[in-house]
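[1] Quick one, what's the 3D model for this:
(chains A and B)
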Number of protein chains: 2
Amino acid sequence: MTAQNSIDNAILIAIIGGTGELGSAIARRLVKAGERVIIGSRDAARAASCASALAAELAVAAGKVTGTRDISGTSNVEAAARADLIIVTVPFGSQEATLKDIAAGATGKIVVDTTVPLVPPKVMRVQLPPEGSAAVRAQKILGEGVRVVSAFHNVAAHKLATDAAVECDVLVFGDDKAAREAVIRVVAACGLRGLHAGALANSAAAEALTSILIFLNKHYAVDGAGVRITGNLKSPAAG
Amino acid sequence: MTAQNSIDNAILIAIIGGTGELGSAIARRLVKAGERVIIGSRDAARAASCASALAAELAVAAGKVTGTRDISGTSNVEAAARADLIIVTVPFGSQEATLKDIAAGATGKIVVDTTVPLVPPKVMRVQLPPEGSAAVRAQKILGEGVRVVSAFHNVAAHKLATDAAVECDVLVFGDDKAAREAVIRVVAACGLRGLHAGALANSAAAEALTSILIFLNKHYAVDGAGVRITGNLKSPAAG
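    Okay, the predicted model is just below:
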């Protein structure tokens, strides 16, 4: 557990869809930072296998045994039920079904929705859902008993999967400031700067921006464009 | 006329609503770069006065007489009719009426819409219009005979009004690539990096982002937060 970025020692973080590219990258960074992570997948065995592989890799990388205390894997439903904080990393097409699956286990918790409403094949075109954003859609599906926060929309997963610094800020949206603050600490544990970006409805901005970044990647032959907020951010919360 | 950033020598650029903060800042930067600008306002006399003041200021600043060949002012309607390229810098609440006023004079031309759909008093909350973006709304109002491009959504006007470098990229949206390219040259003349950001519908991303920047300005006590795209943009078009 690193001192600077530590989240509350006690909390267990579930990564729903955690065998995917973004989810496994977040899991890896959190475990490296000393956090307790449980990977969820529709396929519990696959989640367990992914967790074991991550534990083995990090034990080698860090020169210590990480073990099942810090990283484990199970079904999405069980991961959500056991965790204190839940990060959902599934494609837009799976968002509704996944959130309905975990809804009962998520009650009273913070759920971090990372969904970007990309609609293939036109992923370079902004196509926000009727609710205005995937984040507001998540809140509607999960109901008022869950504090939904959205984040991680603009980070290139393949960059997050490395140990290198990622040149991208993470805009954090949510209607509950304390919940946003908790998520900003999770983002910091991943080695990124998280910024309070206002109400959950504001998530539309970051969600839409992802289509722009995909366009820029293609048009300017960039390997994972990102976004930085410029200016002298003065609050300590800026990290 | 500077060599590097020069736009086609012949073109005359109208700034509709050009006596406002953003419009006058763009006008000032374009005239300083040697471009030919005509300021438009609902009040033609006010536009002429603004143009004279700008000419006087720049003549002093640059040590040369700029004169009416390069900067003049008139009504919005006349400015649009006379110009080759039109930049619209009015508040969201005035967008529809202004575009209807200039529509006849805009036919066959590029219109750069800079409108951000801010809905006071909640300007820190993303509130995109039913059309999805102010830019798509502009295209609907102006009709298919006009090539609408949108840009300049995220630049702090009071920073653009100075001679200092502005730490902000300009995302340029439009369905016509050649029109986007022309606007990227205008952006470059203003001393900013303009980036091809895809279809006009994608403008929603930059328009929404402005509410986020206003939120960040307040939350982190920033004097004009901006946005930078990170990554090694490889095309020459990146400027």
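[2] give the contact list for A:F92.
    A:115-119, A:134 (Cβ atoms under 8 Å, 6 or more residues apart in numbering or on different chains). Where you see a C-beta, it was placed from the backbone N, CA and C, and this is true even at glycine.
[3] Derive a ChimeraX selection command for the buried subset of the residues you listed.
    Here is the ChimeraX selection string for the buried members of these, based on 16 or more other Cβ atoms under 10 Å in any protein chain shown:
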select /A:115,116,117,118,134
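[4] Which parts of chain A are strands?
    Ranges of strands in chain A, per DSSP state E, are A:12-16, A:36-41, A:71-75, A:85-88, A:110-113, A:147-150, A:170-174, A:194-196, A:226-230.
[5] do the shortest one and chain B meet?
    Yes. With Cβ under 8 Å from any Cβ of the partner chain as the threshold, strand A:194-196 lies in contact with chain B, specifically through A:195-196.
[6] That strand: partners in the sheet, and parallel or antiparallel?
    strand A:170-174 (parallel) (DSSP bridges).
[7] Pretty sure A:G143 sits against A:A103.
    Yes. Applying Cβ atoms under 8 Å, one finds A:G143 in contact with A:A103, separated by 7.0 Å.
[8] Show me which of these two is the more surrounded one.
    The neighbour comparison of A:G143 against A:A103 (other Cβ atoms under 10 Å in any protein chain shown) goes to A:A103, with 17 against 12.
[9] Check the contacts of A:F92 against A:E21 and report the nearest one.
    Among the contacts of A:F92, A:V116 lies closest to A:E21 (Cβ to Cβ), at 12.7 Å.
[10] The closest one - nearest residue in space that isn't next to it in sequence?
    In space, and not counting its chain neighbours, A:V116 is closest to A:T210: 4.5 Å by Cβ to Cβ, 6 or more residues apart in numbering or on different chains.
[11] and what of A:V119?
    Per Cβ to Cβ, 6+ apart, closest to A:V119 is A:Q127, 4.5 Å.
[12] Please name the residues that touch that neighbour.
    A:117-119, A:211, B:201.
[13] for those residues, which one is nearest B:L99?
    Looking across the contacts of A:Q127 and measuring by Cβ to Cβ, the closest to B:L99 is B:A201, at 17.7 Å.
[14] so how far is A:L200 from that closest one?
    23 Å (Cβ to Cβ, to the nearest Å).
[15] Over to A:A79?
    With Cβ to Cβ as the criterion, A:A79 and A:L200 are 23 Å apart.
[16] before we move on, what about A:S24?
    26 Å.
[17] Out of the contacts of A:Q127, which sit inside helices?
    Under the assignment DSSP state H, the contacts of A:Q127 contribute A:S211 to helices.
[18] which of the contacts of A:Q127 lies closest to B:G73?
    B:A201 (33.6 Å).
[19] Mind pulling the model confidence for the closest one?
    pLDDT for B:A201: 98.
[20] returning to that earlier point: and the furthest pair within the contacts of A:F92?
    A:T115 and A:V119 (12.1 Å).
[21] on that earlier part again, possible to save the strands of chain A as JSON lines with mean pLDDT and mean neighbour count?
    Shown next, in JSON lines, are the strands of chain A (pLDDT from 0 to 100; neighbours: other Cβ atoms under 10 Å in any protein chain shown):
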{"stretch": "strand A:12-16", "mean pLDDT": "97", "mean neighbour count": "28"}
{"stretch": "strand A:36-41", "mean pLDDT": "96", "mean neighbour count": "27"}
{"stretch": "strand A:71-75", "mean pLDDT": "95", "mean neighbour count": "23"}
{"stretch": "strand A:85-88", "mean pLDDT": "98", "mean neighbour count": "27"}
{"stretch": "strand A:110-113", "mean pLDDT": "98", "mean neighbour count": "29"}
{"stretch": "strand A:147-150", "mean pLDDT": "98", "mean neighbour count": "28"}
{"stretch": "strand A:170-174", "mean pLDDT": "98", "mean neighbour count": "28"}
{"stretch": "strand A:194-196", "mean pLDDT": "98", "mean neighbour count": "24"}
{"stretch": "strand A:226-230", "mean pLDDT": "98", "mean neighbour count": "20"}
